[in-house]
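Novice: After the sequence you'll find the predicted model.
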Amino acid sequence: MDIQQILQKYDDPSRKDFEEYQLNSELHKNFTKVNGELPCDDLAELMAFGFNEDYQDIKTGWGTYFGPMTVIRNDNGTATETPSIRLVNNDILDYWHSRAKIANHPILVARYSGLVWDFTKYVTQNQPPAEIAKICINAIIKVALENYYINEINVFSKLKRALSIAILLNDKDLISKCKNAIITFENTVSKDLLPGIWGHAFDLLMFNKKAQLSEDEEKFIIDELEAKLERLLSVDSQELQKTIWPAQNSATRLADYYRKRSQNQDVFRIICKFADASEQYVKGASVAEIAGNAQDLYKLYIKYHLKDKAAEMLLKVRSLGTKVPSEMKTVGADLNIPTEKIREYLSGMTKGGLADTIQRLLFTYIPIKETEEGILRKKAAKAPISYLFTQQLIDSKGRLITTIGPLEEDFDAHLIKEISNNLTLQSITLRFLIDEMISKFGFNSSDILETIKDCPAIDQHRLKIIEKGLDAYFENDFVVAIHLIIPQIEEAIRNIVEFGGGNVLKESRGGGFHLRTFDDLLRDNIINESLDADLVNYFKILFTDQKGWNLRNNVCHGMTNLEEFNFQTADRLIHALLCLSIIKYID
């Protein structure tokens with residue numbers, strides 16, 4: 001069967017059992033080249049159904065509605081796109097235009113006309129004809145209202161596209177037809193427990209002035225959402241497991257609507273109604289689940305400016321947070337390092353004397369971002385499931401510190417967490433190395449002071465404070481050592497900003513000035529231009545990032561427990577302090 005025979009089979013208006021990807025698949029299985037090449041018409045057909053609609057990847061797209069099905073990165077930095085817009089020329093556009101006029105099936109008509117409308121300006125630098133837009137819009141409406149679909153979600157995407165084209169044309173008749181199609185289609189396919197196939201009429205029309213909703217249409221959409229919310233929440237506690245998520249989709253849309261109209265009592269009614277059901281839903285669950293739900297409700301109250309309810313919920317969050325750690329289980333694993341491997345490592349690291357050893361220590365234990373990214377990607381490839389869900393980091397009292405989204409949405413946060421975990425693992429070899437330096441070279445406070453004394457970022461009068469911290473470190477008084485050393489590292493970074501002509505002060509609400517935070521300093525352009533990017537990233541993770549060790553903030557705000565003032569933390573601070581010796585004046 002050749003391409004034209006396949007098209008004839010699909011171009012039958014009585015067929016309502018396929019989508020574009022199925023036609024594309026069959027076309028690619030049956031095409032035949034003539035003298036090693038495809039006829040222009042066949043190439044046009046193969047390409048037509050190979051493009052992705054509503055293409056979202058801006059980096060690999062062309063700024064068009066349609067985009068490539070696949071993009072493969074080549075070793076030389078280029079990319080291979082399939083299909084490629086570069087193959088689209090005037091002949092292919094003309095072919096699609098003619099097919100849009102003679103095809104019988106609305107799916108085919110919508111695709112041909114949609115491509116002409118989308119690609120004409122890109123290929124020819126000319127505006128596409130308005131008639132092709134009208135053909136596309138009418139075909140999409142026919143797909144929706146005459147049941148030419150398998151997946152309802154895809155139809156909503158098409159209707160959104162049709163509405164946007166109609167608005168661009170400023171054609172009131174077409175806008176009205178699109179609007180009515182969206183409302184009618186949603187009303188036809190809507191199922192309460194499937195929020196993915198309802199709410200689109202609200203999202204596309206309610207706050208879109210160009211959609212020209214009438215009062216009756218607006219009321220119909222809102223009444224439907226109110227009725228859904230009532231049905232979804234009027235169930236027993238066991239059924240709430242199925243209905244609570246769809247109910248939230250309805251509640252937040254209604255609250256957005258009432259807030260925009262300044263109907264604050266209705267906002268309060270809707271959000272509190274949902275919140276009451278949500279608290280009922282988690283009754284009997286674990287403390288962690290109840291606490292998590294309370295945090296979500298707190299955010300919901302804040303979003304809709306229900307400050308009194310938010311304050312009540314925050315107290316609940318705080319109360320529940322203290323109980324979460326008791327439910328948590330410690331997960332660990334044995335780490336066996338052969339003695340000969342340790343000796344081999346220490347021998348290599350301490351070769352050539354103390355000065356050489358300090359240099360190796362410095363650069364070995366600064367995490368290299370590019371390397372860590374590779375490690376993270378390999379881990380994600382081996383165990384993708386663990387990177388698909390949002391994670392929560394909590395402190396020892398059960399308070400939520402921060403959240404980390406799925407890897408594809410929040411890669412940088414996962415990278416910080418990955419580096420932070422690796423710093424913890426490295427603590428073992430770092431401790432071995434420092435012990436070996438003490439044993440082999442008599443490594444002490446004087447050696448560290450000698451290493452950092454020429455650092456221009458360290459004021460000489462600060463060396464006495466640092467010395468007291470170092471003496472406490474070598475006496476295993478880690479509480480004193482950590483409290484003394486952290487502020488001196490922060491002061492050194494502040495000095496670099498001042499040396500570079502930057503400002504370390506910030507206006508306070510009382511009218512005076514206060515010092516910029518350590519985190520703010522590490523984000524200053526002067527720091528990023530003066531210091532190696534990996535060193536800056538290391539300091540952020542070690543001192544100021546909530547997803548990392550966050551030592552500066554935890555220690556200075558009194559959030560560090562006694563057992564956390566240990567060799568692991570202190571060793572890292574010694575390494576960070578030694579890193580300041582890298583900083584030199586450049587004449």
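Specialist: Nice, thanks for sending it over. Residues are numbered from 1 along each chain as shown.
Novice: what's the burial count for residue 73?
Specialist: Each residue near residue 73 was counted by other Cβ atoms under 10 Å, and the total is 10. Every residue, glycine included, has its C-beta placed from N, CA and C.
Novice: Need phi/psi at the closest residue to it other than its chain neighbours.
Specialist: Closest residue to residue 73 apart from its sequence neighbours, by Cβ to Cβ, 6 or more residues apart in numbering: residue 79 at 5.5 Å. Phi and psi for residue 79, reported as degrees, to the nearest 10, are phi -130, psi 150.
Novice: Quick check: residue 79 touching residue 68?
Specialist: No: between residue 79 and residue 68 there is no contact under Cβ atoms under 8 Å: 9.0 Å.
Novice: Which of these two has more residues huddled nearby?
Specialist: Using other Cβ under 10 Å, the more surrounded residue of residue 79 and residue 68 is residue 68, with 21 against 14.
Novice: Who does the closest residue to residue 55 other than its chain neighbours form a beta bridge with?
Specialist: Closest residue in space to residue 55, ignoring its immediate chain neighbours: residue 67 at 2.6 Å, by Cβ to Cβ, 6+ apart. Per DSSP bridges, the residues bridged to residue 67 are residue 52.
Novice: contacts for stretch 49-58?
Specialist: Contacts to stretch 49-58, defined as Cβ atoms under 8 Å, 6 or more residues apart in numbering, come from residues 20-21, 23-24, 27-28, 61, 64-69, 71, 82-83, 111, 114-115, 154, 157-158, 160-161.
Novice: show me the contacts for residue 106.
Specialist: Residue 106 makes contact with 13, 139, 140, 142, 143, 146, 148, according to Cβ under 8 Å, 6+ apart.
Novice: quick one: the second one and residue 110 touch, right?
Specialist: In other words, residue 139. Yes: applying Cβ under 8 Å, one finds residue 139 in contact with residue 110, separated by 3.9 Å.
Novice: Those two: which is more packed in?
Specialist: residue 110 (27 against 24).
Novice: Surely that one is in contact with residue 143?
Specialist: Yes: with contact defined as Cβ under 8 Å, residue 110 reaches residue 143; the gap is 6.2 Å.
Novice: Now list whatever residues contact both of the two.
Specialist: Taking Cβ under 8 Å, 6+ apart as the criterion, residue 110 and residue 143 both touch residue 158.
Novice: Name the residues of the helix or strand containing residue 343 that are buried.
Specialist: Secondary structure from DSSP states H and E places residue 343 in helix 339-349. By neighbour count with 16 or more other Cβ atoms under 10 Å, helix 339-349 contains the buried residues 345, 346, 349.
Novice: again, but for stretch 169-178
Specialist: Neighbour-count burial for stretch 169-178 flags 171, 174, 175, 177, 178 (criterion: 16+ other Cβ under 10 Å).
Novice: likewise stretch 89-102?
Specialist: Result for stretch 89-102 [16+ other Cβ under 10 Å]: buried residues 92, 93, 95, 96, 97, 99, 100.
Novice: wait, which of the residues you listed is closest to residue 252?
Specialist: For those, the residue nearest residue 252 by Cβ to Cβ is residue 100; the value is 39.6 Å.
Novice: In a helix, that closest one, correct?
Specialist: Yes: secondary structure of residue 100 (DSSP: H, G, I helix; E, B strand; the rest coil): part of a helix.
Novice: what's around residue 426, how many residues?
Specialist: Residue 426 has 18 neighbours, counted by other Cβ under 10 Å.
Novice: where's it, which helix or strand?
Specialist: Counting by DSSP H and E, the element that carries residue 426 is helix 411-441.
Novice: what angle do that helix and helix 339-349 make?
Specialist: 80 degrees (axes from the mean of the first three to the mean of the last three Cα atoms, to 10 degrees).
Novice: And the next helix or strand past helix 411-441?
Specialist: Going down the chain from helix 411-441, the next helix or strand is helix 445-452, by DSSP H and E.
Novice: about what we covered before: which of the contacts of residue 106 lies closest to residue 47?
Specialist: residue 139 (18.8 Å).
Novice: got a list of what the closest one touches?
Specialist: Residue 139 makes contacts with 106, 107, 109, 110, 113, as judged by Cβ under 8 Å, 6+ apart.
Novice: Pick out the most distant pair among the residues you listed.
Specialist: Using Cβ to Cβ, these span at most 11.3 Å, a distance reached by 107 and 113.
Novice: which of these two has more neighbours?
Specialist: Taking neighbours as other Cβ under 10 Å, residue 107 and residue 113 compare with residue 113 leading, 28 against 25.
Novice: Most neighbours among the contacts of residue 106, which one?
Specialist: residue 140 (28 neighbours).
Novice: mind checking pLDDT for that one?
Specialist: Listed pLDDT for residue 140 reads 98.
Novice: from what I can see it touches residue 163, true?
Specialist: No: with contact defined as Cβ under 8 Å, residue 140 does not reach residue 163; the gap is 9.3 Å.
Novice: Pass me the low-pLDDT residue ranges in this structure, would you?
Specialist: Low-confidence segments of the chain (pLDDT under 70): 1, 32-36, 58-61, 77, 321-337, 394-400, 587.
Novice: can the buried residues of stretch 89-102 go into a markdown table with extra columns for secondary structure?
Specialist: Converted to a markdown table, the buried residues of stretch 89-102 look like this (three-state DSSP):
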| residue | secondary structure |
| --- | --- |
| 92 | helix |
| 93 | helix |
| 95 | helix |
| 96 | helix |
| 97 | helix |
| 99 | helix |
| 100 | helix |
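Novice: Name the nearest of the buried residues of stretch 169-178 relative to residue 551.
Specialist: Sorting the buried residues of stretch 169-178 by how near they are to residue 551, with Cβ to Cβ, puts residue 178 at the top with 56.6 Å.
Novice: Would you mind giving the domain segments of the protein?
Specialist: Taking automatic domain parsing as the reference, the chain has its domains at 1-150, 339-582.
Novice: export those to TSV and tack on distance to residue 266?
Specialist: As requested, those are exported to TSV (distance: least, Cβ to Cβ, whole Å):
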stretch	distance to residue 266
domain 1-150	31
domain 339-582	30
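Novice: returning to that earlier point: now the helix holding residue 426: buried residues?
Specialist: In helix 411-441, counting by 16+ other Cβ under 10 Å, buried: 411, 413-420, 422-423, 426-427, 429-430, 432-434, 436-437.
Novice: Could you check the angle that helix makes with helix 445-452?
Specialist: 130 degrees.
Novice: so how far is helix 411-441 from its chain's centroid?
Specialist: Chain-centre distance of helix 411-441: 28 Å, with Cα atoms, centre = their mean, to the nearest Å.
Novice: and if you look at stretch 234-245?
Specialist: Worked out by Cα atoms, centre = their mean, stretch 234-245 lies 29 Å from the chain centre.
Novice: Tell me which residues are up against it.
Specialist: Stretch 234-245 has contacts (Cβ under 8 Å, 6+ apart) with 192, 193, 195, 232, 233, 277, 278, 280, 281, 283.
Novice: Compute the first-to-last residue distance for it.
Specialist: This stretch, stretch 234-245, spans 14 Å end to end (Cα to Cα, to the nearest Å).
Novice: Show me what counts as buried in it.
Specialist: In terms of neighbour count (16+ other Cβ under 10 Å), stretch 234-245 has its buried residues at 240, 243, 244.
Novice: before we move on, what SS does the second one have?
Specialist: Counting by three-state DSSP, the backbone at residue 243 sits in helix.
Novice: Can you give me the distance of residue 383 to residue 407?
Specialist: Going from residue 383 to residue 407 by Cβ to Cβ, to the nearest Å gives 11 Å.
Novice: of those two, who's got more company?
Specialist: The neighbour count for residue 383 versus residue 407, taken as other Cβ under 10 Å, is higher for residue 407 (19 against 9).
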